[in-house]
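> predicted coordinates and the sequence they were generated for:
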Amino acid sequence: FACPDRSKQRLEAESSEAPQPVSEDLLLLLKNLKLLLGSSSKGVTLAAAVALCYLAPAEELSGVALPLLRCLRQAPPESAISLITAMTPLVEARPELFRSMIREFFVQSFDSAEMKELKLKVIELLVDDTNVQLVLRELQAYVSWHSCPEFVALAVQSIAHVALKISSVADSCLRGLVKMLDSKCEALSCEAVVSLRAL
């Protein structure tokens with residue numbers, strides 16, 4: 001799915017104009033799309049959520065995230081990867097819908113390598129000043145998973161991305177990365193060097 005993000009110019013133009021009356025047909029479509037969010041089919045739920053993100057006004061979108069997360073929790077591993085891949089553009093376009101549920105995207109030790117990488121990407125999209133400490137604590141826990149060196153490297157990269165995104169924690173991230181240089185885990189120390197150079 002394409003990203004349903006609206007350009008800043010369009011949003012500014014919409015906000016400066018008087019509110020347009022919404023047609024009855026659109027209201028009926030939105031009502032039925034909301035009903036489809038409760039479908040037992042993950043594909044139907046995803047399609048309804050994407051359609052709502054494109055068509056509904058922002059104040060109508062609050063109920064989109066929970067059905068998608070329900071589908072993600074219930075999906076078998078191979079379907080969960082496809083689902084989170086399809087959800088990522090929605091998270092990127094409307095992070096405010098998912099931000100309060102960021103814990104749902106925390107990595108589990110039994111997740112596949114691909115799922116771990118996708119969840120880290122989503123976490124990076126959702127991090128902001130309100131949840132940055134929670135995210136950094138979680139990423140710090142991932143760094144200690146020395147049995148998964150590839151994932152440890154990705155977690156270190158995520159710490160660097162958070163530092164670049166949120167300047168208020170950049171210093172503490174730098175200090176943490178410097179401490180990682182002394183690690184006996186080669187993947188951790190090597191990635192810490194790369195991340196420090198990037199910062």
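Yep, it's here. Small disclaimer: the values here were computed from a predicted structure and weren't measured.
> please make it C-alpha for all contacts and neighbour counts, starting now.
OK.
> so for the protein, the centremost residue is which one?
In the chain, the C-alpha nearest the mean C-alpha coordinate belongs to residue 122, at 2.5 Å (C-alpha atoms, centre = their mean).
> where along the chain do the strands fall?
For the chain, strands defined by DSSP state E do not occur.
> not counting its neighbours along the chain, what's nearest the residue nearest to the centre of the chain?
In space, and not counting its chain neighbours, residue 122 is closest to residue 88: 6.5 Å by C-alpha to C-alpha, 6 or more residues apart in numbering.
> quick check, the one you found in contact with residue 123.
No. Counting by C-alpha atoms under 8 Å, residue 88 stays clear of residue 123, with 10.2 Å between them.
> of these two, who's got more company?
Taking other C-alpha atoms under 10 Å, residue 88 and residue 123 do not tie; residue 123 has more neighbours (24 against 20).
> what about the protein, any weak spots by pLDDT?
By pLDDT under 70, the low-scoring segments of the chain are 1-19.
> number of residues surrounding residue 157?
20.
> ok, the nearest residue to it once chain neighbours are set aside to residue 138 distance?
Once flanking residues are discounted, residue 157 sits nearest to residue 195: 6.3 Å by C-alpha to C-alpha, 6+ apart. Residue 195 sits 18 Å away from residue 138, going by C-alpha to C-alpha, to the nearest Å.
> more neighbours: these two, which one.
Using other C-alpha under 10 Å as the criterion, residue 195 and residue 138 rank with residue 195 on top: 20 against 15.
> contact partners for residue 70?
Listed by C-alpha atoms under 8 Å, 6 or more residues apart in numbering, residue 70 has no contact partners.
> quick revisit: which residues does the residue nearest to the centre of the chain contact?
If a contact means C-alpha under 8 Å, 6+ apart, then residue 122 has 88, 91, 92, 105 as its contacts.
> can you name the two of those that sit furthest apart?
Put simply, by C-alpha to C-alpha the two of the contacts of residue 122 set farthest apart are 92 and 105, 13.8 Å from each other.
> tell me how many other residues crowd residue 102.
18.
> ah, wrong one, I meant residue 108
11.
> quick one: it from residue 118, how far?
For residue 108, the distance to residue 118 - C-alpha to C-alpha - is 12 Å.
> does residue 163 really touch residue 176, like I thought?
No. Using C-alpha under 8 Å, residue 163 is not in contact with residue 176, being 10.8 Å away.
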